[in-house]
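Visitor: Generate coordinates for the sequence data below:
(one chain, ligands or ions: 1)
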Amino acid sequence: MYPKPIERYFAPTTITEALQLLGEYGGNAKLIAGGQSLMPLLKLRLIETQCLIDLNRVQGLADIREDADGLCLGPMVRHADVAASPLIRGGYPIVADAASGIGDPQIRNRGTVGGSLVHADPAADYPAAMLALDASLTLTKSSAESRTVEAGKFFLGPLMTDIREDELLTMIRLPKPAARHSAGAYAKNGLLAGDFAIISVAVQLTLDNGGRCERARIVIGGTALGATPAVRASEILIGGKLDDALCAKAAEAAAQEVEVNSDVRASAQYRRELIKSLVPKIIRRAQARARGD
Ligand SMILES: Cc1cc2nc3c(=O)[nH]c(=O)nc-3n(C[C@H](O)[C@H](O)[C@H](O)COP(=O)(O)OP(=O)(O)OC[C@H]3O[C@@H](n4cnc5c(N)ncnc54)[C@H](O)[C@@H]3O)c2cc1C
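Guide: Sure thing, here's the model as predicted:
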């Protein structure tokens, strides 16, 4: 099916210009980044818009750089570039893991991290990784007005976020993990390779010099509610040696505490079993990275 006719198309080249257009057309306009979620919705006529504001030529939205506080990731960075970035793979591997399993190469070459976060599909890959890392998002309304929202407050529910009609996501910030013995890992289980997650697991760990767990964040994705921190399961790891027994205990707790659903792709019981089998593997992967194995 073709989308309903779109009357106006703009291709701004600066953030200021994009924000002016957004202010002018607001509710009647849609921003388009990679188009990998927006175009299917328009073509299926699940949404319609009179005006498209294309972000692909806007300068300054596709940087990957690190400063003293952490990583600054531009919203227009493509999934393929996130997956391939030595900076991200080295310091924030949980995000590279998430990006590398998204869809297929075509989707990864076009789709952007910002588009995925704003679209907020409950089965998307980035949200669990962003929550595990305590990411924050900069939402800009004008050159004089922007606000920073923690990922934990940005995602309000399936396909719902805190972004307003006249705001542009201009930056994703990932705090720098502790200098030593700190790393994360992410993996998902879908029906096919590169499929949306039935269940996904993100784990970010910091170990002390003796290898005990100092800080842990486990987040479960792929449920109807979207990425959900497994708080009790994370607490179980603190102070422990992360052996098989402790990993299994945390996995059991995660399967119990996170609300899972049944749908056409999997039953709630199957999702619980997936959590139990995936959590220990991902803890071990994060642990190996944190130790530098
Ligand atoms: C076949 C297929 C398979 C897929 N598989 C997966 C998968 O396995 N895992 C996964 O996570 N995702 C998957 N996706 C979704 C994919 O990751 C999309 O790329 C992503 O969800 C949207 O990013 P985009 O850049 O294409 O955004 P667009 O589709 O262009 O935009 C999405 C939404 O974000 C808004 N937006 C975009 N950029 C900004 C910004 N800077 N500020 C404010 N609003 C903005 C748009 O207005 C729109 O509402 C799949 C998609 C397809 C078509």
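Visitor: Next secondary structure after the host helix or strand of Ala253?
Guide: Here Ala253, judged by DSSP states H and E, is contained in helix 244-257. Counting by DSSP H and E, the next helix or strand C-terminal to helix 244-257 is helix 268-291.
Visitor: Would you mark the buried spots in that following helix?
Guide: Residues 271-272, 274-276, 278-280, 282-287, 289-290 are the ones in helix 268-291 that count as buried (16 or more other C-beta atoms under 10 Å). Glycine gets a C-beta too; all of them are placed from N, C-alpha and C.
Visitor: for stretch 46-59, same thing?
Guide: Quick answer for stretch 46-59 (16+ other C-beta under 10 Å): 49, 51-56, 58.
Visitor: Closest one of those to the ligand?
Guide: Leu55 (5.8 Å; C-beta to the nearest ligand atom).
Visitor: Now the closest one: closest residue in space, sequence neighbours ignored.
Guide: Counting by C-beta to C-beta, 6 or more residues apart in numbering, Leu55 lies nearest to Ala33, which is 5.1 Å off, once chain neighbours are set aside.
Visitor: Now do the helices in the stretch 51-200 of the chain.
Guide: 79-84, 86-91, 93-100, 105-110, 113-119, 126-132, 151-154 (DSSP state H, counting those that start in this stretch).
Visitor: wait, which of the ones you listed is closest to Leu246?
Guide: Leu246 sits nearest to helix 126-132 of all the helices of the stretch 51-200 of the chain, at 18.4 Å, using C-beta to C-beta.
Visitor: List the strands paired with whichever strand or helix holds Lys30, with their directions.
Guide: Assigned by DSSP H and E, Lys30 belongs to strand 29-32. Sheet partners assigned to strand 29-32 using DSSP bridges are listed as strand 51-54 (parallel).
Visitor: May I have the partner strand as CSV, with CA atoms only?
Guide: Output of strand 51-54 as CSV, limited to C-alpha atoms (Å, rounded to 0.1, in the frame of the first residue of the first chain):
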residue,chain,number,x,y,z
CYS,A,51,4.6,17.0,6.3
LEU,A,52,8.0,15.1,6.5
ILE,A,53,11.1,16.7,8.0
ASP,A,54,14.0,14.6,6.9
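Visitor: I'm done for today, thanks for sticking with me.
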